[in-house]
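Asks: coords please:
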Amino acid sequence: MVTEQTVGGRETGCVVIRAGQGQTYAGKQQLSYFEGISAQNAGSKAICMHLLTIPPGARARTHLHQDHETTVYVLSGEAEMLYGEGLRERLVVRSGEFLYIPAGVPHVPINLSQTEPCTAILARTDPNEQESVVLLPELEDVAK
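Replies: Numbering: from 1, shown residues only. Got it, this is the predicted structure:
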């Protein structure tokens, strides 16, 4: 799964996570993530990057990332996102589009398709996979 790179017999600090050999884990948001790059498996100091597939009709739990920005690139499918104070704002992000979520913004991604998954690459300025995730159970009823 993880291969440390060497040049001339010395370690470079570069790490490869091979596709199909990585682990998945259940995030606090109740979705399954491909572990990607993080402090835990690659020694990163300021970023993590994951592959996420939201199954048809699924949604995450409402949450925010305290003190950390998030970017998303949608590889396939589309997802609706409710966000902001009281989740009053709404947007749709589709295949080939980028999304930026500022630190501390409440949000919940939802795959509105009942037949197609939505797959995206996520990067966050928190090198630890789940430490900055703050669940917001008080907003769960708003997101339904």
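
Asks: where are the low-confidence patches of the chain?
Replies: 1-12, 19-35, 129-130, 144 (pLDDT under 70).

Asks: who does the residue nearest the centre of it bridge with?
Replies: By C-alpha atoms, centre = their mean, the chain has its centre lying nearest to L122, at 4.1 Å. As for beta bridges, L122 partners with H50, V72 under DSSP bridges.

Asks: give the contact list for it.
Replies: 33, 49-52, 70-72 (C-beta atoms under 8 Å, 6 or more residues apart in numbering). Every C-beta, even on glycine, is put in place using the N, C-alpha and C of the backbone.

Asks: ok, so of those, who is nearest E78?
Replies: Nearest to E78 among the contacts of L122 is V72, at 11.7 Å by C-beta to C-beta.

Asks: who wins for most neighbours among the contacts of L122?
Replies: Within the contacts of L122, neighbour counts (other C-beta atoms under 10 Å) peak at L52, which reaches 24 neighbours.

Asks: Help me confirm that that residue comes into contact with P117.
Replies: No - using C-beta atoms under 8 Å as the test, L52 is too far from P117 to be in contact (10.0 Å).

Asks: Next, the contact list for I121, please.
Replies: 49-52, 72-73, 75.

Asks: and it, how far is that from S76?
Replies: As for I121, its distance to S76 is 11 Å (criterion: C-beta to C-beta, to the nearest Å).

Asks: ok, now N41?
Replies: 25 Å.

Asks: more crowded one of those two?
Replies: Set N41 next to S76 and count neighbours by other C-beta under 10 Å: N41 wins out with 17 against 13.

Asks: helices and strands around whichever strand or helix holds the more buried one, which ones?
Replies: Applying DSSP states H and E as the criterion places N41 in helix 39-42. Where contact means 3 or more C-beta pairs under 8 Å, 6 or more residues apart in numbering; DSSP states H and E, helix 39-42 is packed against strand 10-17.

Asks: residues touching the nearest residue to A123 once chain neighbours are set aside, list them.
Replies: Distance criterion C-beta to C-beta, 6 or more residues apart in numbering; nearest residue to A123, sequence neighbours excluded, is M49 at 4.5 Å. M49 sits next to 36-38, 121-124 when contact means C-beta under 8 Å, 6+ apart.
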